[in-house]
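In: Quick check, what structure comes out for this input:
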Amino acid sequence: MFDKLEQLEARFRDVEAQLGDPEVASDGQRYTALAMQHAEIAEVVGAYRQWRQTGEDLEAAQEMVSESEGAEAELARAELDELRDRRQELEDRLKLLLVPTDPNDDKDVIVEIRAAAGGDEAGLFAGELRDMYLRYAQRQGWRTEVLSESSSGVGGVKEAILEIVGRGAYAHLKHESGVHRVQRVPATESQGRIHTSTASVAVLPAAEEVDVEVNAGDLRIDVFRSSGPGGQSVNTTDSAVRITHVPTGLVVSCQDEKSQHQNRDKAMRILRSRLLQAEQDRQAQQRADARSGQIGTGDRSEKIRTYNFPQTRVTDHRIGLTVHNLADLLGGELDDVVAALRQAERETRLSEIQDDGA
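Out: Alright, predicted model coming up:
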């Protein structure tokens, strides 16, 4: 591990030197690439330098203990114990930081949100989840686009498909996949009873053409008239597109744009992402089947989170995390929850690596 850390620190110093070179600074593309490398390894190099400094502090503290007497020696021993604990914490953190990352982590994402059980209330909740992810993306400085959306009759949504473009979008949002549950008193409830409704979320890594090869012969493409609000020009031509991937039976429809070409382009982006996810799920299942003592399935059908309005409480059931800032979270302040889920993922990956090496 420490050989790798030495190599990363040497690379970090080299990248810093290049970033300070005026010739590199004048080359926008090269500078951006180096800045990304710098950001990727800055955290682990910083932790390594702290670990190394703590080692030097430990040596000094040990000398102080051997040279001191009485109360001064007691203080020195207390400091020595603190430094040992700190060094162990840093070593544990370094192990986590060096765990191989998900190869999809830097990808953009397609987020699919669908109302599930609960009728109109489920549609309203699905709309709130859509807004939560759009606000979170805005806070991160990412670009968003609603690729497709169908409304429910009370101001909610039956389905919304978003594209979120930004560095690390998949790493931050992939743990949102699953069934989200809301508990609250609907506005239409006259007796004040709490109802439970659900919405499903699927987060897919956005797939480029190089990620998924789609043969034109495998596609059936139908065009039809959009069924949007009456009187709109979007309804006067056959601009809506439905693409069926015949080998898998996957069907994607888009009708939000006036142009058939734009709808087809959006539908293909969604289809490629779904095909990529299906293949990755198949490979993940093969790995899971090969592992003995697998804990948890990670299946998207599992209820992952509950939003309890009467108690202003949000609980993520996978990691046992409970927060009491429901309004802020729905307003896009997901940072604490995202950080806890990413930490849990790193710990799980480290445990798997250790189990495989045992």
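In: going forward, measure contacts between C-alpha atoms and count neighbours the same way
Out: OK.
In: In the stretch 51-200 of the chain, where is pLDDT below threshold?
Out: For the stretch 51-200 of the chain, applying pLDDT under 70 flags the ranges 188, 190.
In: hmm, who's touching the lengthiest strand in the chain?
Out: Counting residues, the longest strand found in the chain (DSSP state E) is strand 195-205. With contact meaning Cα atoms under 8 Å, 6 or more residues apart in numbering, strand 195-205 is reached by 104, 107-119, 121-123, 125-126, 170, 173-186, 273-274, 276-277, 300.
In: ok, now with 7 Å
Out: 104, 107-118, 121-122, 125-126, 170, 173-174, 176-186, 273-274, 277 (Cα atoms under 7 Å, 6 or more residues apart in numbering).
In: Spit out the contact partners of residue 136.
Out: 332, 333, 334.
In: Could I have the buried ones of those residues as ChimeraX selection syntax?
Out: Typed into ChimeraX, the line below selects the buried ones among these, using 16 or more other Cα atoms under 10 Å:
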select :332,333,334
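In: pLDDT, distance to residue 79 and secondary structure for the contacts of residue 136 - can I get that in JSON lines?
Out: As requested, these are exported to JSON lines (pLDDT from 0 to 100; distance: Cα to Cα, whole Å; DSSP: H, G, I helix; E, B strand; the rest coil):
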{"residue": "332", "pLDDT": "95", "distance to residue 79": "42", "secondary structure": "coil"}
{"residue": "333", "pLDDT": "95", "distance to residue 79": "38", "secondary structure": "coil"}
{"residue": "334", "pLDDT": "96", "distance to residue 79": "37", "secondary structure": "coil"}
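In: so can I have CSV of the contacts of residue 136 showing distance to residue 250?
Out: CSV is the format used below for the contacts of residue 136 (distance: Cα to Cα, whole Å):
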residue, distance to residue 250
332, 31
333, 34
334, 32
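In: Could you tell me how many residues sit around residue 133?
Out: Using other Cα atoms under 10 Å, residue 133 has 23 neighbouring residues.
In: which non-adjacent residue is nearest it?
Out: residue 332 (6.4 Å; Cα to Cα, 6 or more residues apart in numbering).
In: max-length helix in this structure?
Out: Counting by DSSP state H, the longest helix found in the chain is helix 28-67.
In: buried residues in that one?
Out: 31, 34, 38, 41, 44-45, 47-48, 50-51, 54-55, 57-58, 61, 64-65.
In: between the helix or strand that it is followed by and helix 28-67, how big is the angle?
Out: The C-terminal neighbour of helix 28-67 among helices and strands, as given by DSSP states H and E, is helix 70-97. Helix 70-97 runs at 150 degrees relative to helix 28-67, counting by axes from the mean of the first three to the mean of the last three Cα atoms, to 10 degrees.
In: Next, the buried residues of helix 70-97.
Out: So, applying 16+ other Cα under 10 Å, buried residues of helix 70-97: 76-77, 79-80, 83, 86-87, 90-91, 93-94, 96-97.
In: Past that helix, which element shows up next along the chain?
Out: Moving toward the C-terminus from helix 70-97, the next element (DSSP H and E) is strand 109-115.
In: which regions of the stretch 201-350 of the chain lie under the pLDDT threshold?
Out: In the stretch 201-350 of the chain, residues with pLDDT under 70: 209-211, 226-237, 284, 286-302.
In: which residue ranges form the helices in it?
Out: 260-290, 326-330, 335-357 (DSSP state H, counting those that start in this stretch).
In: now for those, which one comes closest to residue 222?
Out: With Cα to Cα, the closest approach to residue 222 among the helices of the stretch 201-350 of the chain belongs to helix 260-290: 9.9 Å.
In: Show me what counts as buried in that closest one.
Out: 260, 262-264, 266-277.
In: Okay, angle between that helix and strand 195-205 too, please.
Out: 100 degrees.
In: Which elements pack onto helix 260-290?
Out: Under the contact criterion of 3 or more Cα pairs under 7 Å, 6 or more residues apart in numbering; DSSP states H and E, helix 260-290 touches strand 195-205, strand 240-245, strand 250-254.
In: Show me the one of those that comes nearest residue 323.
Out: Comparing these by Cα to Cα, strand 195-205 comes nearest, at 19.0 Å.
In: which neighbours does the closest one have in its sheet, and in what orientation?
Out: When pairing is defined by DSSP bridges, strand 195-205 lines up against strand 109-115 (antiparallel), strand 178-184 (antiparallel).
In: coming back round to it: distance from the longest helix of the chain to the middle of the chain?
Out: 27 Å (Cα atoms, centre = their mean, to the nearest Å).
In: circling back: then the longest strand of the chain to PDB, C-alphas only?
Out: What follows is strand 195-205, C-alpha atoms only, in PDB (Å, rounded to 0.1, in the frame of the first residue of the first chain):
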ATOM      1  CA  HIS A 195     -50.900   7.600   4.300                       C
ATOM      2  CA  THR A 196     -47.900   5.700   2.900                       C
ATOM      3  CA  SER A 197     -47.000   6.100  -0.800                       C
ATOM      4  CA  THR A 198     -44.000   5.100  -2.800                       C
ATOM      5  CA  ALA A 199     -42.100   6.100  -5.900                       C
ATOM      6  CA  SER A 200     -39.300   4.200  -7.600                       C
ATOM      7  CA  VAL A 201     -36.000   5.700  -8.700                       C
ATOM      8  CA  ALA A 202     -33.500   4.200 -11.200                       C
ATOM      9  CA  VAL A 203     -30.100   5.900 -11.700                       C
ATOM     10  CA  LEU A 204     -28.300   4.700 -14.800                       C
ATOM     11  CA  PRO A 205     -24.800   5.600 -16.000                       C
END
